[in-house]
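Enquirer: the following block contains a protein sequence and its predicted model.
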Amino acid sequence: ARKQGKVYYPPTFEESGRVTRASVNPDALLKIANIAYQKEKGEWVCLALDPKALAKEGIVTRIEECDEKGGIGESCRQLHGGIPTSTLGNIIK
């Protein structure tokens with residue numbers, strides 16, 4: 001999507017209620033992924049996102065507690081839309 005200048009939508013976008021899930025705390029990524037995405041196959045990619053850049057693109061973000069997804073006590077960010085590739089920082093595979 002980045003090479004083509006398109007918006008990226010994760011494979012779980014529709015089934016997650018048309019939201020893209022992220023972590024506020026990078027140290028919690030593995031915990032959140034193991035709870036929300038255990039059934040997903042394939043390579044994992046970690047994207048560094050800037051909430052201010054997302055807001056400039058019209059993407060609404062909200063913080064929710066992930067406790068209902070397994071009691072991990074972490075905050076998750078919900079992006080109400082895909083990820084505009086123009087807003088991406090570092091990409092880690």
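Expert: Received it, and whenever you're ready, just let me know what you need.

Enquirer: from here on, just use CA atoms for contacts and neighbour counts.
Expert: Fine.

Enquirer: can you name the next helix or strand after the lengthiest helix in the chain?
Expert: Of all segments of type helix in the chain, defined using DSSP state H, the longest is helix 29-36. The element immediately downstream of helix 29-36 (helix or strand, assigned by DSSP states H and E) is strand 46-49.

Enquirer: buried set for that next one?
Expert: Of the residues in strand 46-49, L49 count as buried by neighbour count, 16 or more other C-alpha atoms under 10 Å.

Enquirer: what lines up beside it in the sheet?
Expert: Strand pairing for strand 46-49, determined by DSSP bridges: strand 88-92 (antiparallel).

Enquirer: okay, the longest helix of the chain in PDB with CA atoms only?
Expert: What follows is helix 29-36, C-alpha atoms only, in PDB (Å, rounded to 0.1, in the frame of the first residue of the first chain):
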ATOM      1  CA  LEU A  29       2.300  -5.100  21.500                       C
ATOM      2  CA  LEU A  30       3.000  -8.800  21.900                       C
ATOM      3  CA  LYS A  31       0.400  -9.100  24.700                       C
ATOM      4  CA  ILE A  32      -2.300  -7.300  22.700                       C
ATOM      5  CA  ALA A  33      -1.500  -9.200  19.500                       C
ATOM      6  CA  ASN A  34      -1.700 -12.500  21.300                       C
ATOM      7  CA  ILE A  35      -5.200 -11.600  22.600                       C
ATOM      8  CA  ALA A  36      -6.700 -10.000  19.600                       C
END
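
Enquirer: and it, what's buried?
Expert: 32-33.

Enquirer: same deal with stretch 5-16?
Expert: Quick answer for stretch 5-16 (16+ other C-alpha under 10 Å): 9, 13.

Enquirer: sorry, back to before: tell me the helices and strands packed up against the longest helix of the chain.
Expert: strand 20-23 (3 or more C-alpha pairs under 8 Å, 6 or more residues apart in numbering; DSSP states H and E).

Enquirer: residues contacting the strand it packs on, please?
Expert: 9-10, 12-13, 29, 32, 75-83 (C-alpha atoms under 8 Å, 6 or more residues apart in numbering).

Enquirer: try 7 Å
Expert: Residues outside strand 20-23 that contact it (C-alpha atoms under 7 Å, 6 or more residues apart in numbering) are 10, 13, 29, 75-82.
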